[in-house]
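Q: next come a sequence and a model predicted from it.
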Amino acid sequence: MMKKINLAITGCMGRMGQQLIKSANKNKIFKVVSLTENRKINKKIFGIKPEINSILAFKNSNVIIDFTVPKCTLEILKIAAKQKKRVVIGTTGFTKKEEILIKNFSKKIPILKAGNMSLGVNLLMYLTEIASRSLGNNFLSKVYEVHHKHKIDYPSGTALMLGKGIANGKNKNFYSLVGKKYLNKKSFPFSKKINFNSIRKGEVIGEHEVRFSSGKEIIKLNHESFDRALYSEGALTAAAWLMSKKVGLYSMRDLLNFK
């Protein structure tokens, strides 16, 4: 019998936190030993009393999975670095300065950070880069995404990651290629830059599409998510993979071994 991996889940009351608990409880490899929130919770969740982030809260865990907000993630990394705990980060929306802080923490502990934990989306990013490189400058590109009406930020972190993939394929700086950012448009144009269109409706979990056009032909790469468990299971796969890794900053790409 293999020894189980002791897991701490932060932001345990959030959408992803709840989903992670469900997925981890179904997974034979993990044992959830600690749940944290940034406020006092007076009830037990699956028999565990949520705690505030602290050295004590993470003491018995081998790995921490964090889907919270940037300020909270950095607080968790500070504690994890002291205790030499591995961390999987699914939080998005970090500033450049915060990204540098994360990189510094990764010199002390193994960290896997991904804006999207879905294996399929990470494959889509890889294919986007290859397509962009292969098609060259005769093709214009644009990115389209759909999410549920509760999602506030637009374009989604994943749409921006796909835009980055287009830029990487062309060996260009992503920020210099960002075009217009549309919200809820029926249709939107290609341009020399990368235009984005975000639709917010109903309870859609997530849909992303990259289009390349030469004017004579269009190539579409797309991905649809039907179940939030996709992300929690991806995060658990990442946590198990990280257990055998040395200090450093990793991405889903390292895990999937795309060449």
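A: Cool, got the structure.

Q: if we look at the longest helix seen in the chain, which residues are touching it?
A: Counting residues, the longest helix found in the chain (DSSP state H) is helix 119-135. Residues from elsewhere that reach helix 119-135, judged by C-beta atoms under 8 Å, 6 or more residues apart in numbering: 114, 116, 141, 158, 161-162, 165-170, 208, 210, 212, 214, 219, 221-223, 225, 230, 234, 237, 252-253, 256, 258. In short, each C-beta sits where N, CA and C put it, glycine included.

Q: now do the helix or strand hosting residue 97: distance to the chain's middle.
A: Residue 97 is part of helix 96-105 when elements are defined by DSSP states H and E. Centroid separation between helix 96-105 and its chain, computed with C-alpha atoms, centre = their mean, to the nearest Å, is 16 Å.

Q: got the CA coordinates for it in CSV?
A: Extracted C-alpha coordinates of helix 96-105, given in CSV (Å, rounded to 0.1, in the frame of the first residue of the first chain):
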residue,chain,number,x,y,z
LYS,A,96,4.5,41.6,-12.8
LYS,A,97,6.0,42.4,-9.4
GLU,A,98,4.1,39.5,-7.8
GLU,A,99,5.3,37.1,-10.5
ILE,A,100,8.9,38.0,-9.6
LEU,A,101,8.1,37.3,-5.9
ILE,A,102,6.8,33.8,-6.9
LYS,A,103,9.9,33.2,-8.9
ASN,A,104,12.0,34.0,-5.8
PHE,A,105,10.0,31.6,-3.6
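
Q: quick check: buried residues in that helix?
A: For helix 96-105, the neighbour count (16 or more other C-beta atoms under 10 Å) marks 101, 102, 105 as buried.

Q: can I get the residues you listed in a markdown table including pLDDT?
A: Converted to a markdown table, those look like this (pLDDT from 0 to 100):
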| residue | pLDDT |
| --- | --- |
| 101 | 98 |
| 102 | 98 |
| 105 | 98 |
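
Q: could I get those residues as JSON lines with distance to residue 147?
A: Below are those laid out as JSON lines (distance: C-beta to C-beta, whole Å):
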{"residue": "101", "distance to residue 147": "28"}
{"residue": "102", "distance to residue 147": "25"}
{"residue": "105", "distance to residue 147": "29"}
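
Q: now, which of those residues sits nearest residue 4?
A: Among the buried residues of helix 96-105, residue 105 lies closest to residue 4 (C-beta to C-beta), at 25.7 Å.

Q: quick one: contacts for that closest one?
A: Residues near residue 105 by C-beta under 8 Å, 6+ apart: 77, 78, 80, 81, 111.

Q: at 10 Å what do you get?
A: With contact set as C-beta atoms under 10 Å, 6 or more residues apart in numbering, residue 105 has these partners: 73, 74, 76, 77, 78, 80, 81, 87, 89, 111, 247, 249.

Q: any idea how far residue 64 is from it?
A: 12 Å (C-beta to C-beta, to the nearest Å).

Q: give me the common contacts of those two.
A: With C-beta under 10 Å, 6+ apart, residue 105 and residue 64 have common neighbours 76, 77, 80, 87, 89, 111.

Q: show me where this structure dips below the pLDDT cut-off.
A: 1, 259 (pLDDT under 70).

Q: what residue in it is the furthest from its centre?
A: residue 216 (34.8 Å; C-alpha atoms, centre = their mean).
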